[in-house]
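A.B. asks: The sequence isn't on hand, but the structure is:
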Ligand code: SF4
């Protein structure tokens, strides 16, 4: 069970990342080259924790995120960018970090 403090922390992080996601939805990401040295998103990054990001979709906490449906992957999310052949690609929800093609988070949006 979440404490009030944990809830407020998650709500604050969500409020911080939602504007970025909303902007991303208005402009579809292009398949631009990925900058050299861009780090991978760490699982213990506070924003990753708040949105339930996992590197492997098999690790989705379906009790916490019942909205998850089989077949949802970062690779078919509207918010990922970069070359489709890359295993790790930029995501507008997590600026400056790479997410795994086989990953997932609760901000997933179907490609249009
Ligand atoms: S599911 Fe979409 S929003 Fe979430 S990390 Fe993957 S690409 Fe980004």
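C.D. replies: Received, thanks. Bear in mind that the values here come from a model prediction, so they are computed numbers and not experimental data.

A.B. asks: Residues of this protein that sit close to the ligand?
C.D. replies: Residues of the chain that fall close to the ligand, judged by Cβ under 6 Å from any ligand atom: 53, 74, 77, 79-80, 91, 93, 99, 103-105, 107-108. Glycine gets a C-beta too; all of them are placed from N, C-alpha and C.

A.B. asks: Mark which of those residues are buried, thanks.
C.D. replies: The neighbour-count test (16 or more other Cβ atoms under 10 Å) applied to the residues of the chain next to the ligand identifies 53, 74, 77, 79-80, 91, 93, 99, 103-105, 107-108 as buried.

A.B. asks: Now go through the residues you listed and say which are in helices.
C.D. replies: Of these, none are assigned to helices by DSSP state H.

A.B. asks: With respect to residue 46, which of those is nearest?
C.D. replies: Comparing those against residue 46 with Cβ to Cβ picks out residue 53 as the nearest, at 10.7 Å.

A.B. asks: hang on, isn't that closest one packed against residue 100?
C.D. replies: No - when contacts are counted by Cβ atoms under 8 Å, residue 53 is not listed as touching residue 100 (9.2 Å).

A.B. asks: Report the contact partners of residue 99.
C.D. replies: 40, 41, 53, 55, 74, 80, 88, 89, 90, 91, 105 (Cβ atoms under 8 Å, 6 or more residues apart in numbering).

A.B. asks: Give the closest residue to the fifth one in space, chain neighbours not counted.
C.D. replies: Looking back up the chat, that one is residue 74. Distance criterion Cβ to Cβ, 6 or more residues apart in numbering; nearest residue to residue 74, sequence neighbours excluded, is residue 103 at 4.4 Å.
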